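> Mind looking at a prediction? Sequence and model below.
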Amino acid sequence: MTGGDPLDLEEARRKLRDLGYLDGRVERYVFSRVFEGRRGVLVPVAIALAAACAVGCVAAVLSAEPEFLRSGSGPLVLLVHLSLAFFFPAALAAAAGAAIADRSRSAGPGAAACGLLAASAVFLLWIGGAWGLGRALRGSALLWGFPVAIAALGAARSARAAYLARAYAHSGALPRARRHGALFGIAAAALVVAAAVFASRPEDVASPPLHVAPRHERVVVVAIDGIAGAAAGAIGDPALARVLEGAPAGWWRQEPAAPPEVWTTAATGVDSVRHGVRALERVRPAGSPAALRAPFGSRWYLRLVGPALSLVSSAPVSAADRRALTFWEVAASAGLPSGAIGWWASGPWPGAVVVDNRQVLSLARTGEEADAIALERWPALRGAAIAALYLPGPDILRRDRARRAAEIERIGRFLSDEIRAARAGEIALVVLTADTHAPAGSLARATVFDGRSSALVRIQAADVAPSVLARAGIPAAEDLRGHAVPALFREGSLEKATVATYGSRIAPAAGSSVTTDREYLRRLKALGYLN
Amino acid sequence: MEARPAVEEALARAVPEGTPAGPALARAMSEAVLSPGKRLRPLVALAAGAMARAPQRAVMPVAVAVELVHAASLVLDDLPSMDNARRRRGRPALHVTHGVSTAELASVALLSRAFETLAFAPEVPAGGRARLVSELSRAVGAEGCCGGQAADLSADPARLTLEELESIHARKTGALFVAAVRGGAIAGGASDSDLDLLTVFARNLGLAFQITDDLLDLEGSPEVMGKDTLRDGHRANFATLFGAEAARRLVDELLEAAVSALSSFRSRAAVLADLARVVRDRRS
């Protein structure tokens, strides 16, 4: 009232604000119109957030597996799938943010927090995804940070503007200061974190030339899946124990893991983070010409929801997933004839005779047939300096004790012949036994027939590859996780020289079709895998 | 060409003395428009157009139109039936020199000339011209100056609240500032979201201008002001409502809010921001 004392300044300010003055900080983003009263901002925010999260995931795949970009429409198809998939969690997040905004008394900090959370989620999907795919990350992978940053900032600004809109509709108050600096700060911080994370992964390097001092004896590696140790160093199966005991052995505790991961670690000398083989399957979003491994944050869709809705199919793991060289590939690259029969995630390699796991299991209906097919192909490696054989029969037959025992008898007879050759000094024989399907883990063992008297040492799975290579006269690489184990081999037989690295496995992804992949996976299921 | 001289030149062209309406009316119109004034509204219109990257000649019709309306409103405001003011812009008020009837006719003629100027703005598309006419009509009519003046005349100063006072001045003063700013930007083809921001700027600027006017009326001298002071003593104004010190603080805060609404335009809005400072520093 004008007749009395002048209005208190604070009161005047409050009244003028109520009348729409004293507030010049107007949000200019696409949601500025909602300040005029519309409150339905959830859908646009959910769309922006979902698209940004999808960009983060796709960038993770492309950062870790740049060859996926060469699949043509693969990245775009994945982007569409994930954008649709992320819409629902993004809508939930937007609804939660809106509920908080509706009760907000101070719009600025809440809106800033909302924006920062949105941006952080997108960056986390990118960095976590690239890290989780477990491959070497080239420096160029950082370039994917720019589209990710743009998507993250877009999502953050959407979330922030929507929060402000809701808070404004409720309270009529706008923040006193803009906080764009914080968003750019988190983008810069995320790029720095990504650089540090990516730098911690070694880049792919080509195989350097190796100077080999060939040994007289061939090295034969036979891997038998489904045989667990009974105690430290002991073979669990009596029939096989009779054949294998009395020879030097190294043993290790094998934690539960998919068979391809376990046997690839043994064959490459590096762990799964580096060799990249972790599961039996890859995923293939409908419409994508290429399969991929599901990145962090998207597995719920690519592994569960998508397959249930027939929007995502599976593809078997293959050599295309592997980034580290197996011992037979190193040997072939060094000029030694070599090869492998039936090994998981194996594939063609120059100079090596390789019958991959798919060629064996896709023809087999039973465990006996699988072993029989592998053994039929085995003579093809008679002249190889390093020959590897994988026998899955006991693992496939684990539920049928009688057939399993008979199969182990057959393997025992095969091994007896090989052991005789080893005792005759013709070959150095390494027999690997492990039970990859033991849910609580198992004891695994490498039994070596190389003319050395009995010894029992603790080793690790990754020691197998460098030991085999050193026994064949090939210098062990210093960047492997495992090391050659002299205690298991004839004295002085292991090559002592070392090289810095064998390099990475750089090979084009082998093509496969949805139909053949589906048929092979059906066969794997029939054999007891993927259950 | 510099804005101020260009505005003066355009105003002179808009009210030529040799009008067929007759020498007395023409002289009255000319005196009402060309007497020394701050030209703040046309300058604001030009600055808003510049912000929208429009050439000066495209926005000049808007600048002229708002100044013509402003001049017409001052003539009406000074009439004996309204404020009964005797001096305006350092000179006798128009109704004193030309009589009430001529002053009233001059005012109506100036309003007509303002709308004519907009309707024939040569560099604005037809849709834009219609929109400009609509904006100015709103600023002049019952929702603008006329409505504000009517409310002012009928208000009881002893019972006037802040909300009522704001409502009066938002129409009497603020509406024309809003029309000037939005008109300049519309002539330059500005987007709706830019217009929203400029409206925030103009509303805050208009209220700051009015409070400053009230302060000057309370504290200024007639010689410097060029018009009668303390004639609003019989009316409520912001200076008496808030107290002079608080009113000055609010002027600063309103201008700060106005300028911050321009922040996203960055350097494009520098002239508009400078004009806001002119409002703060004005002495007449």
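That came in fine, so what should we check first?
> Remind me which helix or strand the closest residue in space to residue A:232 that isn't next to it in sequence belongs to.
Spatially, and ignoring its direct neighbours in sequence, residue A:232 is nearest to residue A:251 (5.8 Å; CB to CB, 6 or more residues apart in numbering or on different chains). C-beta coordinates here come from the backbone N, C-alpha and C atoms, glycine included. Applying DSSP states H and E as the criterion places residue A:251 in strand A:249-254.
> from the chain's centre, how far out does that strand sit?
Here the centre of strand A:249-254 is set off from its chain's centre by 24 Å, with CA atoms, centre = their mean, to the nearest Å.
> so what secondary structure elements neighbour that strand?
The contact analysis (3 or more CB pairs under 8 Å, 6 or more residues apart in numbering or on different chains; DSSP states H and E) places strand A:249-254 against strand A:442-449, strand A:456-458.
> What are the buried residues along it?
Within strand A:249-254, the residues that qualify as buried are A:249, A:250, A:251, A:252, A:254, counting by 16 or more other CB atoms under 10 Å in any protein chain shown.
> Looking at per-residue confidence, what score does the first one get?
For residue A:249, the model assigns a pLDDT of 94.
> Need the nearest residue in space to it, chain neighbours excluded.
Closest to residue A:249 by CB to CB, 6+ apart is residue A:447, at 4.7 Å.
> And the one you found, how close does it get to chain B?
Counting by CB to the nearest CB, to the nearest Å, the separation of residue A:447 from chain B is 74 Å.
> what about that residue, neighbour count?
Neighbour count for residue A:447, taken as other CB atoms under 10 Å in any protein chain shown: 25.
> repeat for residue B:71
For residue B:71, the neighbour count with other CB under 10 Å is 28.
> In what element of secondary structure is it found?
Applying DSSP H and E as the criterion places residue B:71 in helix B:56-78.
> Counting by contacts, list what that helix packs against.
Judged by 3+ CB pairs under 8 Å, 6+ apart, the packing partners of helix B:56-78 are helix B:3-14, helix B:23-34, helix B:40-51, helix B:94-98, helix B:100-119, helix B:126-140, helix B:145-154, helix B:175-187.
> what's the angle from that helix to helix B:145-154?
20 degrees (axes from the mean of the first three to the mean of the last three CA atoms, to 10 degrees).
> In helix B:56-78, which of the residues would be classed as buried?
Using 16+ other CB under 10 Å as the test for burial, helix B:56-78 gives B:56, B:58-78.
> Now the very next helix or strand once past that helix: average pLDDT?
Per DSSP H and E, the first helix or strand lying C-terminal to helix B:56-78 is strand B:87-88. Strand B:87-88 carries an average pLDDT of 84.
> what do you get for stretch A:271-291?
Here the average pLDDT along stretch A:271-291 is 82.
> So what's the gap between it and the chain middle?
7 Å.
> element containing residue A:430, please.
Using DSSP H and E, residue A:430 sits within strand A:427-434.
> Where does pLDDT dip in the stretch 1-150 of chain A?
Along the stretch 1-150 of chain A, segments meeting pLDDT under 70 span A:1-6, A:24-40, A:105-106, A:134-137.
> hmm, back to that, which strands and helices sit next to the very next helix or strand once past the strand holding residue A:251?
Per DSSP H and E, the first helix or strand lying C-terminal to strand A:249-254 is helix A:259-268. In terms of contacts (3+ CB pairs under 8 Å, 6+ apart), helix A:259-268 is packed against strand A:218-225, helix A:272-275, helix A:327-333, helix A:464-471.
> Let me know the angle separating helix A:259-268 from helix A:464-471.
Going by the same axes, to 10 degrees, helix A:259-268 makes 30 degrees with helix A:464-471.
> Now do helix A:259-268: everything it contacts.
For helix A:259-268, contacts defined as CB atoms under 8 Å, 6 or more residues apart in numbering or on different chains pick out A:223, A:225, A:254, A:271-272, A:274-275, A:277-280, A:317, A:322, A:324-328, A:340, A:343-346, A:357, A:388, A:390, A:392, A:395, A:432, A:434, A:436-437, A:444, A:461-462, A:464-465, A:480, A:529.
> Can you flag the buried ones in these?
Among those, the ones that count as buried by 16+ other CB under 10 Å are A:223, A:225, A:254, A:271-272, A:274-275, A:277-280, A:317, A:322, A:324-328, A:340, A:343-346, A:357, A:388, A:390, A:392, A:395, A:432, A:434, A:436-437, A:444, A:461-462, A:464-465, A:480, A:529.
> one step back: pull the CA atoms of the strand holding residue A:251 into PDB?
Extracted in PDB, the C-alpha atoms of strand A:249-254 (Å, rounded to 0.1, in the frame of the first residue of the first chain):
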ATOM      1  CA  ALA A 249      53.100 -82.400 -13.900                       C
ATOM      2  CA  GLY A 250      52.200 -78.800 -13.200                       C
ATOM      3  CA  TRP A 251      48.800 -78.100 -11.800                       C
ATOM      4  CA  TRP A 252      46.700 -75.000 -11.300                       C
ATOM      5  CA  ARG A 253      43.300 -74.100  -9.900                       C
ATOM      6  CA  GLN A 254      40.900 -73.400 -12.700                       C
END
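> Great, nothing more from me.
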